[in-house]
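J.: just coords:
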């Protein structure tokens with residue numbers, strides 16, 4: 001059994017027990033999170049797809065930790081013009097573990 005959920009502008013395929021990293025959430029570590037934007041649920045080989053979301057279905061997860069991803073370097077330059085810009089960025093994330101899929 002798996003579900004496809006939407007959170008943080010991205011879509012994830014999750015099963016019970018999976019650990020995913022997503023955009024930072026305001027919940028504290030140890031709290032429970034509910035994702036109500038469920039696009040599809042597959043159970044016993046049968047796929048239920050919503051238009052755009054499934055009514056009355058949700059995915060419950062537990063927040064494991066918050067953190068920052070590895071640094072990404074953005075380097076721009078224009079040849080022969082002495083134009084160089086170096087910028088770094090670390091994207092914050094929340095790591096959650098999927099506990100239950102209801103639908």
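T.: Arrived safely. Computed from a predicted model, the values in this text were never measured in an experiment. Numbers count the residues shown, from 1 in each chain.
J.: Could you tell me how many residues sit around residue 68?
T.: 11 (other CB atoms under 10 Å). For every residue, glycine as well, the C-beta is placed using N, CA and C.
J.: Name the nearest residue to it, ignoring sequence neighbours.
T.: Once flanking residues are discounted, residue 68 sits nearest to residue 90: 4.2 Å by CB to CB, 6 or more residues apart in numbering.
J.: got the contact list for the one you found?
T.: By CB atoms under 8 Å, 6 or more residues apart in numbering, residue 90 lies in contact with 68, 69, 70, 71, 72.
J.: Start and end of stretch 45-57, how far apart?
T.: Its first and final residues considered, stretch 45-57 spans 18 Å by CA to CA, to the nearest Å.
J.: buried sites along that stretch?
T.: Buried positions in stretch 45-57, judged by neighbour count with 16 or more other CB atoms under 10 Å: 54, 57.
J.: which element is the residue nearest the centre of the chain on?
T.: In the chain, the residue lying closest to the centroid (CA atoms, centre = their mean) is residue 22, at 3.2 Å. Assessed by DSSP states H and E, residue 22 sits inside strand 19-23.
J.: And for residue 34, nearest residue in space, chain neighbours not counted?
T.: Using CB to CB, 6+ apart, the closest residue to residue 34 is residue 58 (5.2 Å).
J.: and that neighbour, what are its bridge partners?
T.: Counting by DSSP bridges, residue 58 is bridged to residue 102.
J.: and the residue nearest to residue 68, how far is that from residue 70?
T.: According to CB to CB, to the nearest Å, residue 90 stands 7 Å off from residue 70.
J.: quick one on the thing from earlier: phi first, then psi, for the closest residue to the residue nearest to the centre of the chain other than its chain neighbours.
T.: Spatial nearest neighbour of residue 22, chain neighbours left out: residue 8 (5.1 Å); criterion: CB to CB, 6+ apart. Per-residue torsions, residue 8: phi 70, psi 30 (degrees, to the nearest 10).
J.: got a pLDDT number for residue 8?
T.: Looking at residue 8, its pLDDT reads 92.
J.: just the one 5 residues further on next, same as before
T.: Reading off the per-residue confidence, residue 13 sits at a pLDDT of 97.
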